[in-house]
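[1] coordinates only, sequence not included:
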């Protein structure tokens, strides 16, 4: 069997992602999974590339049978008591994130912030915080910066983290991969 060597940048990026997962608090992940599994409805929001990861997470939550929607889509219902707003704010806050959190709280919904900066304004206002200890644009300069540009390390870790959270939520709710597949669109 021939050993495959990854070019150094791929290898370094994977090592950096692995180091982030070594530092993630699994209790925080499990707490986030619990909050999501108990919510009546889940609305999700993120800006830029974080928003792309959040949209993928929303899709998988929908596949699990959770009433999930992406903020800004025309089919997003109002949220209120019993519901959860999940926002991504890697650098600790964005004006849109803060505004949506205010609306959600006023309506009686809980908020969960996924961030690399737990002392940021959004996490400070949140009901629940999931810290992902990865580089974002808030700290992408200096000798210890990632091989990946800007917030790519955070965003790449989000993809894998969200998929693992989907596995955990599926186990908690007793949803099989086949049941998830049954919720996948046939309009492709």
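    Done, it's in. Predicted, not measured: the structure shown is a model, and the values here were computed from it.
[2] C-alpha only now, for contacts and for neighbours.
    Noted.
[3] report the distance from the host helix or strand of residue 172 to the chain centre.
    Element membership for residue 172 (DSSP states H and E) is helix 152-173. In this view, helix 152-173 has its centroid 7 Å away from the chain centroid, taken as Cα atoms, centre = their mean, to the nearest Å.
[4] quick one: contacts of it?
    With contact meaning Cα atoms under 8 Å, 6 or more residues apart in numbering, helix 152-173 is reached by 13, 16-17, 20-21, 29, 33-34, 36-37, 49-50, 53, 56-57, 60-61, 64, 90, 116, 132-136, 146, 176.
[5] contacts only, for residue 88.
    45-47, 50-51, 54, 97, 113-115.
[6] do that again at 6 Å, thanks
    46, 113-114 (Cα atoms under 6 Å, 6 or more residues apart in numbering).
[7] for this structure, which segments count as strands?
    Counting by DSSP state E, the chain has strands at residues 42-45, 68-70, 84-88, 110-115, 128-131.
[8] of those strands, which approaches residue 141 most closely?
    For those, the distance to residue 141 is smallest for strand 110-115, at 18.1 Å, taking Cα to Cα.
[9] got the strands of the chain as CSV, with distance to residue 168 and mean pLDDT columns?
    Below are those laid out as CSV (distance: least, Cα to Cα, whole Å; pLDDT from 0 to 100):
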stretch, distance to residue 168, mean pLDDT
strand 42-45, 16, 98
strand 68-70, 16, 98
strand 84-88, 17, 98
strand 110-115, 17, 98
strand 128-131, 15, 98
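[10] winner for burial among those?
    Of the strands of the chain, the one with the most neighbours on average (mean count of other Cα atoms under 10 Å) is strand 84-88, at a mean of 28.
[11] sheet partners, orientation included, of that one?
    strand 42-45 (parallel), strand 110-115 (parallel) (DSSP bridges).
[12] dump those into a markdown table; add distance to residue 125 as well.
    Below are the strands paired with strand 84-88 laid out as a markdown table (distance: least, Cα to Cα, whole Å):
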| stretch | distance to residue 125 |
| --- | --- |
| strand 42-45 | 16 |
| strand 110-115 | 9 |
